[in-house]
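Undergrad: The amino acid sequence is not available; the structure is as follows:
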């Protein structure tokens, strides 16, 4: 079984590569995560922005 690690993408990035890294880890199109973060940010910012910033800090760059 191959070892996977959650890292930020250096090639599929718009801002920090968080959504690209999540997409690669889960095998999903990164656009799904981008839309999710945007939809969560609409009500006031914090529900989408805070998790994104935390993931940006915790995920290692690839």
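TA: It's in. What you are looking at is a predicted structure, and each value in this text was computed from that prediction instead of being measured.

Undergrad: Against residue 62, how distant is residue 31?
TA: From residue 31 over to residue 62 the distance is 19 Å, taken as CB to CB, to the nearest Å. (Glycine included, C-beta is placed from N, CA and C.)

Undergrad: Tell me which of these two has more neighbours.
TA: The residue with more neighbours, out of residue 31 and residue 62, is residue 62; 16 against 12, by other CB atoms under 10 Å.

Undergrad: so what's the nearest residue to residue 13 once chain neighbours are set aside up against?
TA: Spatial nearest neighbour of residue 13, excluding adjacent residues (CB to CB, 6 or more residues apart in numbering): residue 20 at 5.2 Å. Contacts here follow CB atoms under 8 Å, 6 or more residues apart in numbering; on that basis residue 20 touches 8-9, 11-14, 30.

Undergrad: Also residue 18?
TA: Applying CB under 8 Å, 6+ apart to residue 18 gives the contacts 8, 33, 52, 55-56, 59.

Undergrad: excluding its backbone neighbours, what's nearest it?
TA: Excluding the flanking residues, the one nearest residue 18 by CB to CB, 6+ apart is residue 55, at 4.8 Å.

Undergrad: Now do the buried residues in the strand or helix carrying the one you found.
TA: Element membership for residue 55, per DSSP states H and E: helix 46-58. Within helix 46-58, the residues scored as buried using 16 or more other CB atoms under 10 Å are 48, 52, 55.

Undergrad: which one of those residues is nearest residue 25?
TA: For the buried residues of helix 46-58, the closest approach to residue 25 (CB to CB) belongs to residue 55, at 11.0 Å.
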